[in-house]
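K.L.:
mind looking at a prediction? Sequence and model below.
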There are 2 protein chains.
Amino acid sequence: MSDGPVYDKVALIGLGLIASSMFWAGRRAGLAGHVSGYARTQATRDTAREIGLCDSVCDSAAAAVADADLVVLAVPVGAMGAVAAEIAPHLKPGATVTDVGSVKRRVIEDVGPHLPDHVHFVPGHPLAGTEHSGPESGFATLFRNRWCLLVPAPGTSPDAVLRLRRYWEGMGAQVDEMEADHHDLVLAVTSHTPHLIAYTMVGVADDMRRVTDSEVIKYSAAGFRDFTRIAASDPTMWRDVFLTNKDATLEVLGRFTEELFALQRAIRTGDGALLHDYFTRTRAIRRGIIEAGQDTDAPDFGRAKVER
Amino acid sequence: MSDGPVYDKVALIGLGLIASSMFWAGRRAGLAGHVSGYARTQATRDTAREIGLCDSVCDSAAAAVADADLVVLAVPVGAMGAVAAEIAPHLKPGATVTDVGSVKRRVIEDVGPHLPDHVHFVPGHPLAGTEHSGPESGFATLFRNRWCLLVPAPGTSPDAVLRLRRYWEGMGAQVDEMEADHHDLVLAVTSHTPHLIAYTMVGVADDMRRVTDSEVIKYSAAGFRDFTRIAASDPTMWRDVFLTNKDATLEVLGRFTEELFALQRAIRTGDGALLHDYFTRTRAIRRGIIEAGQDTDAPDFGRAKVER
């Protein structure tokens, strides 16, 4: 569909799940003339070189961004500011800087002030991921049919935004634009709080001495198994998410505990009608998600229904 | 592996996800000479007849259990007692009665007193399911590599237990025996409380007016999607689970909120080290589950990793 690369040179700063998937997805679609990469640790750079991740792997972020038309900050949210300060003097005039952080207000506050006026800053967030992390976890179809939210400040060059949109669409994503604070609240509901809850439930299971580890693991076929998958996500990334999207997360958590206490009270008092009504209502939301194409109706995520 | 059917006649009382999967799994493995079925509603019985579910579909539970060597109670936990009272006079001497309820102490209390001395009562619980329900949701491989827990009272005929074990193993399950109260606590941790939490989180998302329904649904790719799957499970079944496993669920919920408040406090005070340590610990449990064969390491449940 595209006529030639969207960018002549793309620099990926941080080489984890998202950046490595961007490399493979972009290569498949021919979206970049050259992709340079940089990772903080020598071990990650070595792995990237071994598996052919990026056309060139640089030993400094400054070297990676030299002459790049698009710079992608793909590090934990808490590290974005320092990386921006490091690369700022080396950015090509007219380049676009974006990021893939799960929180947007804090990234804008931390990154924005470091960037020179001669670059375009278009913060972004692809809503895609798995519980795996690191340079070997990426794959070309991670973004297919997933949303990527762009959060440009008012006044940002429409051309720069459009070009970045074409880049994400070329990797298979659908692109929407959103205001930063609204993004952070929506994600607190759909992603951040659910992750915190999953982490908590898995921690509780680990703590219960009467229910030995082996039993929790052995009999995890039910709902708990999905929680453990969520709770296996990258600890550094998620620590930073909660610390940098504090207000929205605490607000949603407050509502969550309020609702949980209402259901807990219904259990204690034996109010079956309340429970049944509640569980019937939540079922409808699931149907909406399937109709919206964000999941399949296949039972139990990939345990495919087979012939009888 | 088996030489002929394990039971000459099996009666399935209730024709939802579990019973219909038992029929298809048993037919594939040749485990029963004849399977009779009964469902409370005419609509379900009609559907069963249309899709060939069961060798015979009866219009009363009494007719279904006549001459059956194994009777399987596959109705919501809250309905078990009434069904037991109804079938008791019609049970064949020497028959085995089992159930598939998610709670065991209450089923034993509700069903046991109705059964005549001339039958064997071996309560059971297959740890398998999907978010779908009803007679059309079953499939033959549902129990493959899943656990089925049997909870026989002390003094139960070893032959009756062994035979039921062979039946479940014939459907692909692994079988363990467990004491009823311990079962209820283990399941409160691994299944019941996670389901309640998922229901709650989905309810919160539905309630937040500033985050419209369409956005919650549209951007659900992250952790929330798994919650909606869990929260789409059968409302009647889950209402009964919480009402009948009240004590264990409330105990685990108490621990859950205690832990959640500790994490919430860490977010509020900015204690990144506590969060990082917690998230690192939960990751290890996930590895245990994969090593125990209760899930695959494929990222994101069925979004298969493809070639780069």
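P.N.:
All right, it came through fine.
K.L.:
number of nearby residues for residue A:51?
P.N.:
Around residue A:51 there are 13 other residues, counting by other CB atoms under 10 Å in any protein chain shown. All C-beta atoms are positioned from the backbone trio N, CA, C, and that covers glycine.
K.L.:
the helix or strand of chain A with the lowest mean pLDDT and chain B in contact?
P.N.:
Using mean pLDDT, DSSP states H and E, the weakest-scoring helix or strand in chain A turns out to be helix A:213-218, at a mean of 72. Yes. Shown here: helix A:213-218 in contact with chain B (CB under 8 Å from any CB of the partner chain) through A:213, A:215-218.
K.L.:
ok, those vs residue B:64, which is closest?
P.N.:
Of all the residues of helix A:213-218 next to chain B, residue B:64 sits closest to residue A:218, with 33.8 Å by CB to CB.
K.L.:
spatially, which two of the residues of helix A:213-218 next to chain B are the most separated?
P.N.:
With CB to CB as the measure, no two of the residues of helix A:213-218 next to chain B lie farther apart than A:213 and A:218, at 9.2 Å.
K.L.:
of these two, which one has the most company?
P.N.:
Relative neighbour count places residue A:218 above the other of residue A:213 and residue A:218, with 20 against 14, counting by other CB under 10 Å.
K.L.:
ok, residue A:181 touching residue A:105?
P.N.:
Yes. The pair formed by residue A:181 and residue A:105 meets the contact definition of CB atoms under 8 Å, at 5.8 Å.
K.L.:
so which of these two has more stuff around it?
P.N.:
Here residue A:181 and residue A:105 are compared on neighbour count by other CB under 10 Å; more neighbours surround residue A:105, at 20 against 14.
K.L.:
so what's the more buried one up against?
P.N.:
Under the criterion of CB atoms under 8 Å, 6 or more residues apart in numbering or on different chains, the contact partners of residue A:105 comprise A:180-181, A:183-184, A:245.
K.L.:
try it again with 7 Å
P.N.:
Under the criterion of CB atoms under 7 Å, 6 or more residues apart in numbering or on different chains, the neighbours of residue A:105 are A:180-181, A:184.
K.L.:
near chain B, anything from the top helix by length along chain A?
P.N.:
Longest helix in chain A by number of residues, with DSSP state H as the criterion: helix A:246-269. Yes. Helix A:246-269 lies within reach of chain B by CB under 7 Å from any CB of the partner chain, at A:246, A:249-250, A:252-253, A:255-257, A:259-260, A:263-264, A:267-268.
K.L.:
just to revisit the earlier point, among the contacts of residue A:105, which lie within strands?
P.N.:
When strands are assigned by DSSP state E, not one member of the contacts of residue A:105 lies inside them.
K.L.:
I'd like the residues you listed as CSV, with distance to residue A:201 appended.
P.N.:
Formatted as CSV, the contacts of residue A:105 follow (distance: CB to CB, whole Å):
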residue, distance to residue A:201
A:180, 30
A:181, 29
A:184, 24
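K.L.:
can you pull out the strands in chain A?
P.N.:
Taking DSSP E as the criterion, chain A carries its strands at A:7-13, A:32-38, A:56-57, A:70-73, A:96-99, A:120-121, A:124-126, A:147-150, A:174-177.
K.L.:
and the ones you listed as JSON lines, adding mean neighbour count?
P.N.:
As requested, these are arranged in JSON lines below (neighbours: other CB atoms under 10 Å in any protein chain shown):
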{"stretch": "strand A:7-13", "mean neighbour count": "25"}
{"stretch": "strand A:32-38", "mean neighbour count": "23"}
{"stretch": "strand A:56-57", "mean neighbour count": "20"}
{"stretch": "strand A:70-73", "mean neighbour count": "27"}
{"stretch": "strand A:96-99", "mean neighbour count": "27"}
{"stretch": "strand A:120-121", "mean neighbour count": "21"}
{"stretch": "strand A:124-126", "mean neighbour count": "25"}
{"stretch": "strand A:147-150", "mean neighbour count": "22"}
{"stretch": "strand A:174-177", "mean neighbour count": "16"}
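K.L.:
output the ones you listed as JSON lines; include the columns mean pLDDT.
P.N.:
Listed next are the strands of chain A as JSON lines, based on pLDDT from 0 to 100:
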{"stretch": "strand A:7-13", "mean pLDDT": "98"}
{"stretch": "strand A:32-38", "mean pLDDT": "98"}
{"stretch": "strand A:56-57", "mean pLDDT": "98"}
{"stretch": "strand A:70-73", "mean pLDDT": "98"}
{"stretch": "strand A:96-99", "mean pLDDT": "98"}
{"stretch": "strand A:120-121", "mean pLDDT": "98"}
{"stretch": "strand A:124-126", "mean pLDDT": "97"}
{"stretch": "strand A:147-150", "mean pLDDT": "96"}
{"stretch": "strand A:174-177", "mean pLDDT": "95"}
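K.L.:
those strands: which one's closest to chain B?
P.N.:
The minimum distance between chain B and the strands of chain A falls on strand A:147-150, with 5.7 Å, by CB to the nearest CB.
K.L.:
packing partners of the closest one?
P.N.:
For strand A:147-150, the packing partners by 3 or more CB pairs under 7 Å, 6 or more residues apart in numbering or on different chains; DSSP states H and E come out as strand A:124-126, helix A:158-170, strand A:174-177.
K.L.:
in the sheet, which strands lie alongside that strand, parallel or antiparallel?
P.N.:
Each strand that strand A:147-150 pairs with, and the sense of that pairing, follows from DSSP bridges: strand A:124-126 (antiparallel), strand A:174-177 (parallel).
K.L.:
now the longest one, how far from the chain's geometric center?
P.N.:
Okay, so that is strand A:174-177. Averaging C-alpha positions (CA atoms, centre = their mean, to the nearest Å) puts strand A:174-177 14 Å from its chain's average.
K.L.:
and for that strand, what's in contact with it?
P.N.:
Contacting residues not belonging to strand A:174-177 are listed as A:147-150, A:152, A:165, A:168-169 [CB under 7 Å, 6+ apart].
K.L.:
go again using 10 Å as the cut-off
P.N.:
Here strand A:174-177 makes contact (CB atoms under 10 Å, 6 or more residues apart in numbering or on different chains) with A:122, A:124, A:126-127, A:143-152, A:161-162, A:164-169, A:183, A:293, B:215, B:218-219.
K.L.:
circling back to that earlier point, tabulate the strands paired with strand A:147-150 in TSV, adding columns for distance to residue A:273.
P.N.:
Converted to TSV, these look like this (distance: least, CB to CB, whole Å):
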stretch	distance to residue A:273
strand A:124-126	41
strand A:174-177	39
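K.L.:
quick one: residues contacting residue A:15.
P.N.:
Applying CB under 10 Å, 6+ apart, the residues near residue A:15 are A:22-23, A:37-41, A:44-45, A:47-48, A:53-54, A:57, A:74-75, A:134-136, A:138.
K.L.:
restricted to helices, list these.
P.N.:
A:22-23, A:44-45, A:47-48.
K.L.:
now, of those, which are buried?
P.N.:
The neighbour count (16 or more other CB atoms under 10 Å in any protein chain shown) marks A:22-23, A:44-45, A:47-48 as buried among the ones in helices among the contacts of residue A:15.
K.L.:
of all those, which comes closest to chain B?
P.N.:
When these are ranked by distance to chain B (CB to the nearest CB), residue A:23 comes first, at 8.7 Å.
K.L.:
so that closest one is in contact with residue A:35, correct?
P.N.:
Yes. In terms of CB atoms under 10 Å, residue A:23 counts as a neighbour of residue A:35; the distance is 5.6 Å.
K.L.:
name the residues contacting each of these two.
P.N.:
Applying CB under 10 Å, 6+ apart, one finds that residue A:23 and residue A:35 are jointly contacted by A:10, A:12, A:53-55, A:72.
K.L.:
and of those, the nearest to residue B:95?
P.N.:
Nearest to residue B:95 out of the shared contacts of residue A:23 and residue A:35 is residue A:53 (CB to CB; 63.1 Å).
K.L.:
give me the below-cutoff pLDDT ranges for chain A.
P.N.:
Within chain A, the set of residues satisfying pLDDT under 70 comprises A:1-3, A:209-213, A:221-223, A:289-290, A:292-308.
K.L.:
alright, calling it a day.
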